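Novice: Quick one: sequence plus predicted model below, questions after.
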Amino acid sequence: MDGKELKDVREQQSSESKDDPVQFDPSRMIGIIKRRALIKELASAYHAECRTLCQDLLQLQKKWEEFQYVEKRVAEEALLQPKKPSKRSKKGY
């Protein structure tokens, strides 16, 4: 075969592949279904982990807010309580 005949054969094969519809291959469909199931499973695992972490974060935020409230309240109570005078009287003044 010379270069021209080889070129004609390649062009004919490429035109045939364009004209023929892709044949249904059940084995490819099974692979697609399996990959889809794996993706759903992975998404579910990520969602569960994300939800757990969000719940933990919410609990930490609540504890922090409670701590801030207690600190503020203790500081306010300390300011409101009158200071007791010292039991010793100061001499020399």
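Specialist: Happy to help now that I have it. Given the structure is predicted, the values throughout are model-derived calculations rather than measurements.
Novice: I30 and L38: what is the separation?
Specialist: For I30, the distance to L38 equals 13 Å [CB to CB, to the nearest Å]. Any C-beta I mention is one placed from the backbone N, CA and C, and that applies to glycine too.
Novice: Just the mean pLDDT for the helix ranked longest in the chain, thanks.
Specialist: If you go by DSSP state H, the chain has its longest helix at helix 26-80. Computed over helix 26-80, the mean pLDDT rounds to 92.
Novice: quick one: V22 and K34, what's the gap?
Specialist: 20 Å.
Novice: the more surrounded of the two?
Specialist: K34 (10 against 7; other CB atoms under 10 Å).
Novice: where's that one relative to E41, distance?
Specialist: 11 Å.
Novice: Same question for A48.
Specialist: A48 is 11 Å from E41, by CB to CB.
Novice: Could you do Q61 as well?
Specialist: From Q61 to E41 the distance is 31 Å (CB to CB).
Novice: follow-up on the earlier one: so what secondary structure elements neighbour the longest helix of the chain?
Specialist: Using 3 or more CB pairs under 8 Å, 6 or more residues apart in numbering; DSSP states H and E, no helix or strand is in contact with helix 26-80.
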